[in-house]
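# give me the fold of what follows.
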Amino acid sequence: MDAIIHGAGGGFLMAAGMFWQTGWSLVLGFTISAVLQSVVSSDQMRKAFGGGSVREIALATLAGAASSSCSYASAAIMRTLFKKGAALVTSLAFLFASTNLVLELGLILYVLLGWQFMLGEWVGGVVLIAIMSALVTLTYPRRLVEEARAHEEESRGHEHMSMTVDGPTWRARLAKPEARIRVAQNFAMEWRMLWKDLALGFLIGGFLAALVPDGVWRTLFLSDAPAWLQVPVNVLLGPLIAVLTFVCSIGNVPLAAVLWAGGASFSGVLAFLYADLIVIPLLDIYRRYFGWRMAAYIGGVFFVTMAAAALVVDLTFTALGWIPSRDIDVRAQMTEFSLNYTFWLNLLFGALAAYLFWVSHKNPMHHGHGEQGDDGHGDQHGRDHTMHARR
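Next comes the predicted model:
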């Protein structure tokens, strides 16, 4: 019994430490995301993504990087763009960018794992989109795309949507008095969407770090095998582990830190991080949005893309000498509490979060309201800009 209590205590302590080390970066990233969501409407994005040219894919990538980091919310926006006429390749490019190129993800990776993983995630996000675009172009299932656009969806539960300020330009929108309220509402909505993922990610990561011996991870990821065998096996194993954890978005970063400390290769950890879009709940959402055949196509393309991108980034970083050393002690790092820069940043951004929550509470977002477009009229399909009820 004492061993169980001690193990549980260690797991909770690790989880709390992970949250403490990354709290300020989450607030900063969500604040910037909320500002961008308040001045850029989904209708604008849809009009810009009608085709599959390099320019339109690049625009979708930039829009995704400035969008939500919640995989479920991003999937819902992607579904809206695709069903309203955006090309499949640009819709999927938006989805990849909105979960791999967002600021908050890079910040939390930098805090927990260092600049190499932050850069690997961002560079890998671009590589992901390039490989996915090539695969979709080569295998374009025209008939399947038509079926997916016309698929009658299974809808359930309550949904949320981002709110955009009315105005002719983003500068004009940002200057309006209601912009502060919209930013606060979108900030609070981001936290409501992600807190379960974050809590689950920190708890699973904390308990795995506290209870699973590093030898288990070293054996699983073939840490003693030669690189020519370990790297390709790891890029296939990383996504499979991600699928089975059910944790996506930023919530899988603590688990990535545990895998890296336990012996997974750089490529394996990157593949695990990239695979947040093919966890089982999300595959089920693709099925309900587009039908099981399109869900299977998306899942297959994504798996190949994620493994290939992780391999490309690993080989590139190895050639440049950028693979990080494994001298990080996750357990020690996460359980150290002192009056350092983390304390003061958490204090500062904690106050900012409290203010934004207070503004959102004073001005609640009505769930019946759609996202506001440039013409000031609410979107008649507000649910198109929503996240799934489970979030």
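# contacting residues around stretch 213-232?
233-234, 237, 258-259, 261-265, 267-268, 311, 314-315 (C-beta atoms under 8 Å, 6 or more residues apart in numbering). Quick note: C-beta positions are derived from backbone N, CA and C, even for glycine.
# which positions within the helix or strand that contains Thr22 qualify as buried?
Using DSSP states H and E, Thr22 sits in helix 2-39. Buried residues in helix 2-39, counted by 16 or more other C-beta atoms under 10 Å: 10-11, 13-39.
# picking that back up, buried ones among the contacts of stretch 213-232?
Looks like the contacts of stretch 213-232 have 233-234, 237, 258-259, 261-265, 267-268, 311, 314 buried, using 16+ other C-beta under 10 Å.
# is Leu273 in contact with Ala257, as I believe?
No: here Leu273 does not reach Ala257: they are 10.4 Å apart, not a contact under C-beta atoms under 8 Å.
# what's the overlap in contacts for those two?
Joint contacts of Leu273 and Ala257 (C-beta under 8 Å, 6+ apart) do not exist.
# mind giving me the packing neighbours of the helix holding Thr22?
On a contact count with 3 or more C-beta pairs under 8 Å, 6 or more residues apart in numbering; DSSP states H and E, helix 2-39 meets helix 103-113, helix 170-175, helix 179-211, helix 253-262, helix 330-334, helix 341-362.
# alpha carbons only: can I get the helix or strand containing Pro232 in CSV?
Assigned by DSSP H and E, Pro232 belongs to helix 227-245. Only the C-alpha atoms of helix 227-245 are listed here, as CSV (Å, rounded to 0.1, in the frame of the first residue of the first chain):
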residue,chain,number,x,y,z
ALA,A,227,20.6,3.9,-36.2
TRP,A,228,19.7,2.3,-39.5
LEU,A,229,17.3,0.0,-37.7
GLN,A,230,16.2,2.2,-34.8
VAL,A,231,15.2,5.3,-36.7
PRO,A,232,12.8,3.7,-39.2
VAL,A,233,11.3,1.5,-36.5
ASN,A,234,10.8,4.5,-34.3
VAL,A,235,9.1,6.6,-36.9
LEU,A,236,6.5,3.8,-37.3
LEU,A,237,6.2,3.2,-33.6
GLY,A,238,5.7,6.8,-32.6
PRO,A,239,2.4,7.4,-34.4
LEU,A,240,1.0,4.0,-33.2
ILE,A,241,1.7,4.9,-29.6
ALA,A,242,0.0,8.3,-30.2
VAL,A,243,-3.1,6.7,-31.6
LEU,A,244,-3.4,4.5,-28.6
THR,A,245,-2.9,7.2,-26.0
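# can you give me the angle that helix makes with helix 253-262?
Put simply, helix 227-245 runs at 150 degrees to helix 253-262, going by axes from the mean of the first three to the mean of the last three C-alpha atoms, to 10 degrees.
# mind pulling up the pLDDT for Glu190?
If you check Glu190, the pLDDT there is 77.
# equivalent analysis for the one 10 residues further on, please.
Here the pLDDT value assigned to Leu200 is 79.
# how close does it sit to Ser25?
Look at Leu200 and Ser25: by C-beta to C-beta, to the nearest Å, they are 19 Å apart.
# if we can go back for a sec, which of the helices and strands packed on helix 2-39 is buried the deepest?
helix 253-262 (a mean of 26; mean count of other C-beta atoms under 10 Å).
# CA atoms only: put it into CSV for me.
Taking Å, rounded to 0.1, in the frame of the first residue of the first chain, the C-alpha atoms of helix 253-262 are listed here in CSV:
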residue,chain,number,x,y,z
VAL,A,253,4.0,17.1,-25.3
PRO,A,254,4.5,15.8,-21.7
LEU,A,255,4.3,12.3,-23.0
ALA,A,256,6.9,13.2,-25.6
ALA,A,257,9.2,14.4,-22.9
VAL,A,258,8.8,11.1,-21.1
LEU,A,259,9.5,9.1,-24.3
TRP,A,260,12.6,11.1,-25.0
ALA,A,261,13.9,10.7,-21.5
GLY,A,262,13.1,7.0,-21.6
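# next SSE after it?
Taking DSSP H and E, what comes next after helix 253-262 is helix 266-274.
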